[in-house]
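Peer 1: Predicted model and sequence follow; I will ask about them next.
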Amino acid sequence: MNPVNYLYLSALLFTIGATGVLIRRNAIVVFMCVELMLNACNLAFVTFSRMHGNLDGQVIAFFTMVVAAAEVVVGLAIIVSLFRSRHSASVDDASLMKL
Amino acid sequence: MENLIALLVAAPLLGAVVLLCGGRRLDAVGHWIGTLLSSASFVIGVVLFTDLLGKNAEHRTLMQHLWTWVPVEGFQADVTFRLDQLSMTFVLLITGVGSLIHLYSVGYMEHDERRRRFFGYLNLFLAAMLILVLADNYLLLYVGWEGVGLASYLLIGFWQHKPSAATAAKKAFLVNRVGDMGLSIAIMLMFTTFGTFAFGPVLSHVGDASEGKLTGIALMLLLAACGKSAQVPLQSWLGDAMEGPTPVSALIHAATMVTAGVYLIVRSGAIFNAAPDAQLVVTVVGAVTLLFGAIVGCAKDDIKKALAGSTMSQIGYMVLAAGLGPIGYVFAIMHLVTHGFFKAGLFLGAGSVMHGMNDEVDMRKYGGLRKYMPVTFITFGLGYLAIIGFPGLSGFFSKDKIIEAAFAKGGTEGWILGGAALLGAAITAFYMTRVMLMTFFGEKRWQPDENGHEPHPHESPRTMTIPMIVLAFGSVFAGGIFGIGDRFLHWLEPVTGHEEGNSPVSALTVTLATMVVLVIGVAIAWAQYGRRPVPAVAPRGSLLTRAARRDLLQDDFNHVVLVRGGEHLTRSLVYVDHTLVDGVVNGTAASMGGLSGRLRKLQNGYARSYAVSMFGGAAILVAATLLMRAV
Amino acid sequence: MSPQLAAAYSTSTGEAFQFWVLGTVAVIGALSTILMKRAVHSALSLAGTMIILAVFYLANGAYFLGVVQIVVYTGAIMMLFLFVVMLVGVTAADSLTETIKGQRWLALLCGLGFGILLVAGIGNASLSQFDGLSTANANGNVQGLAALIFTKYVFAFEITGALLITAAVGAMVLTHRERTERPKTQRELSEQRVREGKHVPPLPAPGVYARHNAVDVQGLLPDGTPSELTVSKTLRDRGQIRDVSSEALNDLRALEQRAEERLERTAIEPANLKRTEEASK
Amino acid sequence: MSFPLLTATAALPALGAVATAAVPAARRTAAKWLALFVSLATLALGIVVLVRFDPGGDRYQLTESHPWIADFGVRYELGVDGIAVALIALTALLIPFVILAGWHDADPLETGSKRWRPTQGFFALILAVEAMVIISFEATDVFLFYIFFEAMLIPMYFLIGGFGDRAHEHGDEAAATQRSYAAVKFLLYNLVGGLIMLAAVIGLYVVAGNFSLAEIAQARANGTLHMATNTERWLFLGFFFAFAVKAPLWPLHTWLPNAMQESTAPVAVLITAVVDKVGTFAMLRFCLQLFPEASKWATPVILVLALISIIYGALLAVGQRDIKRLVAYASISHFGFIILGIFAMTSQGQSGATLYMVNHGISTAALMLVAGFLISRRGSRLIADYGGVQKVAPVLAGTFLIGSLATLSLPGLAPFVSEFLVLVGTFTRYPAIGIIATFGIVLAALYTLVLYQRTMTGPVKPEVAAMPDLRPRELLVVAPLIVLLIFLGVYPKPVTDIVNPSVKQTLSDVHKKDPKPSVEAAK
């Protein structure tokens, strides 16, 4: 098997995650889909690392994880406070960005 | 001596400034300041005149350069005054008659609360008129030209609370503007042809220019003259201008300003001499106007309007003479001066009558006034005799010469022009006799007005009668002084040039013919207005009479074509501006608004929708990248 | 040639087998993440996918990352997710009907197009060269990573550290509510109730149908209508109140039905029933 | 390094604007005096510039040059030629009158009113406009010019939209809507013009490699910078369009009547007498110098458009019922004359056009400000609402008449000289156009005299019977303008002397010589 398949898998997972972001309304699920996309990228990085024979790709993936962790912390905090004020976790409820 | 020239203008200008800016505290003495300053100008004029008389004929031109006015590359306009015999004649006429009329106005305007302002305007007029005749180039002349127009506008509309006066003032200015347009185009043409518009260089280089251009310049100058001198087709304003106070009518619309056109033509004689076609047009305009004015004068019952028609007609004589070229220039000016005397006298007489008749102007409500106003009657009568050309009085000398010169033009034109001039003389005799008879003879026809005040005709105060008397002297003797021994001819000849025409008819014949038509005119008038009583209400009259009462329908034509047409034009243009020019822009704006209204729907506020666009954009970017790599 | 080097060009059969099996599971997990109605299910599916990804990391020679993936992602982050899901309401099911016109179709179209483009891109790229990590991992994967992180990427590392701290503080700021005054004592609260004059007695108790979770059932007022006040505010907000009034009626109706069947009576005409209802109005 | 005089002239009002805006809300009067003082100080600086300028010297004088955005070759380059000096002097001269005339225009309506109008803002905005206009006249760097040419719109927008006629103010929502329509229209027109110009500015940079007017003009003149014919034409059109909107030239004029109608009289003066001059000035300075060939190529069309502006503006003015709109259309007609003079490409035409800019500024200011005083008394802009004012307020009527006469270019008043120069300059090259343009002077007489007749003469209308005459402050505004009108009408030499050399150079830029008269009669 050619390791390129990992890349295909990564692309597939990324696309699924992106589609999920677009079709789900629950902010938490949307957020999970974002995580899925990040993970798909990480898989690609790791695969690239293997392809090129150096560890830079893994380092980037590592940083991605850290950033993702930070993002989750803040994001979930936002969701919780949104839920407190609006009693809803739907992203469509926050549709104030229009005239 | 040259330095005095500027003072001629400065004195009345100072008066205008002082009187107009001085405010109410000058109300008590304003009229005397105005009269004093205009008389000062006259005195300076006399001093300069004696100086000129003391010189040889060739050295009678004084120049005073004051300052460079408009210096632009290739375009040089100076404020330079030129005093020669022609200007001198005008200066004396303007300041002399002007001062007399100032004096007259002191009495005439006594009860007007805005008398100070009136004198300010009169002084302004004098200054502008003096600039006009003293200017050494056409552009400076233009300043005076429009300046007198302004003064005329202000004075016609002096009683602004009367809408008719305000309208008449505006009309006068506008019609004059059309003429002014001619003058400015003439100046532009001169500039392109000669590179300058100073009298000296232009008039001395006429020979080098093509006849076509000269004809153009001459016709444009004629247009200007028509506007200012109320010649056909720009004559319509003069009748309305009688809305102004009578001294104004006497000074501006009889003696001085309206003759500026004649001055312009005579001054530009060299150009006209080189453009025979234009000269022919000038004579035609003069002949038509002299008949036109005379006919209108016959039909008017308003004494001032009848006199206005007469003015038009007399200026027609002058223009006709000026159009005849060197054989006529001197006589045009001579008639101008004598006309200045007798017509001013006639107007002042009319003013005096109105003064005594509660400002009534309708001659059908006069009658038999000779008993009530003897001085007015005598002075008016002398003016009357002068204008109809009674032998020995001034009009006889000047008008006779013009008729003679018209015949001397030669050929068919000569006969036609001469015939017209003769016919004009007959009509003049008719309408002036009519005025005389209706006003001073017959039975009294006045009635109490609607308030029950019956007019009490009375002689006017001394300030008014003295100028009338002086002018009557002028009317009687000026012609003789000028004409006998050709004094006036010799005086003006160096400036205007002179040729003796070879008339197909002898001078004596012309004089006799003039006498005959004169008698016929007077006789008809006597038959119509002297022998039987004048009806107090105007009869319907013939078609011609009715047309003449309406200024031969020329005003109706103007009204229908220019006023109505103009109103329609502007109204439709306003509509076009609003709907079309602005509409295109607003339409663009509206369609952009519609488009963005559609686009706005994309902004539904849902983050997910935005995410789709973002994602789609990302997909397109990836596709573009791949495509670029593939290419 | 060592077997590790050979693995650079093509993988072992074992890895291939593992890829195809686990890869399929991962895709299924991802799909169920986005398709499950309940957030809890989505979270659990995602956790599964992540664990599989951890295995793939290990297979790709990223041993440290594989472990971190399990510990941090599935262990910490996903638990955080679950925690929030619980907080928001574990039983709340999302409606999957789309409310924005055309959104779903556009999303699918974009997703499909994007996926095809990515796949095409990868297929187009010349990715035949696989160096393998044998040299890079020669001194151990963790050591190699550490060497990179603390030399080449040290600034990025420090900055991410700062980011993490900021995020922690941010989360606290966002969720923390500063108490600006002393919490009211029970006595003060009851005094306030008396002052305001409503609900002077304590709030009524929830309904008492002995079910698995009786606190989410509204109590009935004397006139038989359910009272919202009986249920806790949190449940009300989540919309997790269970309405059992109809259940009781249904039970009653079913009982009557059965009784009538047993007694062989004819069913009551629904039309009559309606008519009487109208008459009563 | 010498004292940066030009920078100071522009910076002073700018600083004054900031300082005026910073005056506390309660001290309105202090803000007014401060603004007046600053404008007078600017006038003093303007006079210093006028005196220091040597007509016989270099083309650009008092130059300053500092690098600004080095990456794009943008420099902070200032310098004035005679034309600019004349217009700077005009601007500095008019602003004190504008401020004085608008002394009470921005007072709060009534105490306790919710719609409080910040007096400070009004005067600060006027000073800001002054600063930007002055620096636009000074800039010799195309980019620098562009920035201030556009930035001017911001304060103007607020001046038009924020401060309407007091007469139409009292709780009248429709008036407020009209006003904001006018302001937006002004902004949009000029922004579109500016946008197109921006494209041309960038294009110029691409072609020339820098923004320096002097350098580019130099390179164009000695042939080192070659532009393809089409490139030059497009760039010219880009610049000209913006200037034609600003000027405004038919058919891009419709914003002006709205803007002037809705704004207060001092702001209307600011628009037409000061800001619009930047447009015509820029035609002279940028269009002709940078794109001489394209200018000549476009001349026939521009002349025809200018001619249409003259006649059309005058006819429209005749048809107006609103005093301010009438003046606006009259201005459109006059701008037609200015553009005609510029593109006739004769020294008389261009000197006349420059002189015209100055004179039109003064005469319109005189007429418009008096009209503003009149409107503030009666509370109506409609001509039909007036009548017989002459009787009750003779001084007001007199000044109004002089303003009207200046507008119709009566000889002896300043506009005559310039108008005649423009006509002569046009006539020498294009006789037909010159003759048709001459009709404009008849129409000018028509609309001004009709206006005067309907408002000032006739029976006194009851509504105007109690109208007070000009107050001392108002007389202080009008009298100097009238004196200036008369002075420049009688003795325009000081201005023409400054302007002539610059015009000569501009003409040599476009390689045009005056047509020779057919007969050499001049000594």
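Peer 2: Received the coordinates, thanks.
Peer 1: so where's the longest strand in chain B?
Peer 2: Counting residues, the longest strand in chain B under DSSP state E turns out to be strand B:62-72.
Peer 1: And the contacts of that strand?
Peer 2: Residues outside strand B:62-72 that contact it (Cβ atoms under 8 Å, 6 or more residues apart in numbering or on different chains): B:1-3, B:5-6, B:48, B:52, B:76-84, B:136, B:139-140, D:347-348, D:351-352, D:417, D:421, D:490-493, D:496-497, D:500. All C-beta spots, glycine's among them, are computed from the backbone N, C-alpha and C.
Peer 1: swap in stretch A:70-77?
Peer 2: Residues lying outside stretch A:70-77 but in contact with it, judged by Cβ under 8 Å, 6+ apart, are A:28, A:31, A:34-35, C:77, C:80-81, C:84, C:160, C:163-164, C:166-168, C:170-172, C:174-175.
Peer 1: ok so, going back, could you point out which element follows the longest strand of chain B?
Peer 2: strand B:75-83 (DSSP states H and E).
Peer 1: report the angle between the axes of the helix or strand just after that next one and strand B:75-83?
Peer 2: Per DSSP H and E, strand B:75-83 leads on to helix B:85-108 as the next helix or strand towards the C-terminus. For the pair helix B:85-108 and strand B:75-83, the angle between their directions (axes from the mean of the first three to the mean of the last three Cα atoms, to 10 degrees) equals 70 degrees.
Peer 1: what's the angle from helix B:85-108 to strand B:62-72?
Peer 2: Using the same axes, to 10 degrees, the interaxial angle of helix B:85-108 with respect to strand B:62-72 works out to 90 degrees.
Peer 1: which strands and helices sit next to helix B:85-108?
Peer 2: Judged by 3 or more Cβ pairs under 8 Å, 6 or more residues apart in numbering or on different chains; DSSP states H and E, the packing partners of helix B:85-108 are helix B:30-53, helix B:115-134, helix B:246-250, helix B:260-267, helix B:329-356, helix B:462-483, helix B:487-496.
Peer 1: pLDDT averaged over it - what is it?
Peer 2: Mean per-residue pLDDT for helix B:85-108: 90.
Peer 1: before we move on, what about stretch D:337-354?
Peer 2: Averaged across stretch D:337-354, pLDDT comes to 92.
Peer 1: same thing with stretch B:179-190?
Peer 2: Mean pLDDT, computed over stretch B:179-190, is 91.
Peer 1: what's that stretch in contact with?
Peer 2: Applying Cβ under 8 Å, 6+ apart, the set of residues contacting stretch B:179-190 from outside is B:138-139, B:142, B:145-146, B:149, B:196-197, B:202, B:213, B:216-217, B:219-228, B:234, B:261, B:264, D:420, D:423-424, D:427-428, D:431, D:434-435, D:438-439, D:441-442.
Peer 1: just to revisit the earlier point, out of the contacts of stretch A:70-77, which are inside helices?
Peer 2: Counting by DSSP state H, those place A:28, A:31, A:34-35, C:80-81, C:84, C:160, C:163-164, C:166-168, C:170-172, C:174-175 in helices.
Peer 1: Can you flag the buried ones in those?
Peer 2: Burial by neighbour count, judged by 16 or more other Cβ atoms under 10 Å in any protein chain shown, picks out A:28, A:31, A:34-35, C:80-81, C:84, C:160, C:163, C:167, C:170-171, C:174 from these.
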